[in-house]
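**Q** coordinates only, no sequence provided:
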C-alpha cells in the first residue's frame with residue numbers, strides 16, 4: 001500500500017533503529033544510497049529517505065515511494081529524524097568534487113585550456129565541514145602490517161617505498177568489508193595493501209578514498 005501523506009507522529013526512535021537493521025540486511029524497496037545527506041544511526045551513515053520510509057512502514061503499515069519525497073535539507077523526514085535525536089549530515093564535499101571532475105573530463109582540451117586561462121590566481125576558497133570517521137584500533141593496524149611483513153597482500157609485491165619516519169615499508173590497511181557497511185575492525189577483516197592496489201580496490205567497490 002502506498003500513501004501520499006506522512007503520518008510522522010507514529011514514528012518512534014525504535015522504528016528508525018529497526019529500519020537501519022533492515023537496510024543493513026536486505027536494503028529497502030528500490031531505495032539507493034543517498035547522494036547529498038546521511039543520517040547517523042549508532043555511529044553509521046544511512047540514506048535518510050530509505051530509513052524514513054522504512055520507519056514509516058514499520059510504524060504505520062504503509063510505505064512511502066521514492067517519488068513521494070520532496071525537498072531535501074528541510075524535508076519533513078529530515079526534521080523528523082532530528083526530532084528523534086538523530087543527526088543528519090551533508091555528505092563529504094569529495095563526492096561532489098568527484099562528480100565535477102567527471103563532468104570536466106568530457107570537455108575538450110581546447111575548452112579546458114580557455115577555462116584554465118581565465119582562472120584566478122587567488123588562493124582557493126576554504127569551507128568548514130563536519131566529517132564523521134570511524135575510530136580504528138592501532139592494534140589491528142600494527143598486527144596486519146606485521147603479518148604482511150612489507151609485502152602487499154593484493155599484488156604480492158614489496159611495498160613501493162619505506163617511510164621516512166622509522167623506515168617501515170609503506171602499506172595501507174584496508175577493511176575487506178568496509179566499516180561504513182557494517183564491517184568489523186578486526187585483523188581478520190583487513191589486508192595490508194600498497195597504495196595502487198588500495199585505490200583499485202576502492203574504485204571497484206565504488207568507495208571514495210576516505211571511506212573504510
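**A** It's in. These numbers come from a predicted model, not from an experiment.
**Q** and the strands in the chain?
**A** Taking DSSP state E, the strands of the chain run over residues 37-41, 44-46, 87-90, 172-175, 190-193.
**Q** to residue 118, which of the ones you listed lies closest?
**A** strand 87-90 (29.1 Å; CB to CB). To be clear about C-beta, it is placed using only N, CA and C from the backbone, and glycine gets the same treatment.
**Q** can you give me the buried ones in that closest one?
**A** residue 88 (16 or more other CB atoms under 10 Å).
**Q** return the distance of that strand from the chain's centre.
**A** The chain centroid and the centroid of strand 87-90 are separated by 12 Å under CA atoms, centre = their mean, to the nearest Å.
**Q** can you list the strands that it pairs with?
**A** Sheet pairing for strand 87-90, assigned by DSSP bridges, gives strand 37-41 (antiparallel).
**Q** hmm, residue 47 and residue 32 touching each other?
**A** Yes: under the criterion of CB atoms under 8 Å, residue 32 makes contact with residue 47 at 7.1 Å.
**Q** least confident secondary structure element in this structure?
**A** Of all regular secondary-structure elements in the chain, judged by mean pLDDT, DSSP states H and E, the least confident is helix 93-104 with a mean of 68.
**Q** for residue 32 and residue 47, indicate the residue with more neighbours.
**A** The residue with the greater number of neighbours, taking residue 32 and residue 47 and applying other CB atoms under 10 Å, is residue 47; the counts read 19 against 11.
**Q** what is residue 38 paired to in the beta sheet?
**A** Here residue 38 sits in beta bridges with residue 89, as judged by DSSP bridges.
**Q** pull the contacting residues for it.
**A** With contacts taken as CB atoms under 8 Å, 6 or more residues apart in numbering, residue 38 has the following neighbours: 45-48, 88-89, 91.
**Q** JSON lines please, covering those residues and showing pLDDT and distance to residue 206.
**A** Listed next are the contacts of residue 38 as JSON lines, based on pLDDT from 0 to 100; distance: CB to CB, whole Å:
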{"residue": "45", "pLDDT": "83", "distance to residue 206": "15"}
{"residue": "46", "pLDDT": "87", "distance to residue 206": "17"}
{"residue": "47", "pLDDT": "88", "distance to residue 206": "15"}
{"residue": "48", "pLDDT": "89", "distance to residue 206": "20"}
{"residue": "88", "pLDDT": "85", "distance to residue 206": "23"}
{"residue": "89", "pLDDT": "80", "distance to residue 206": "20"}
{"residue": "91", "pLDDT": "69", "distance to residue 206": "14"}
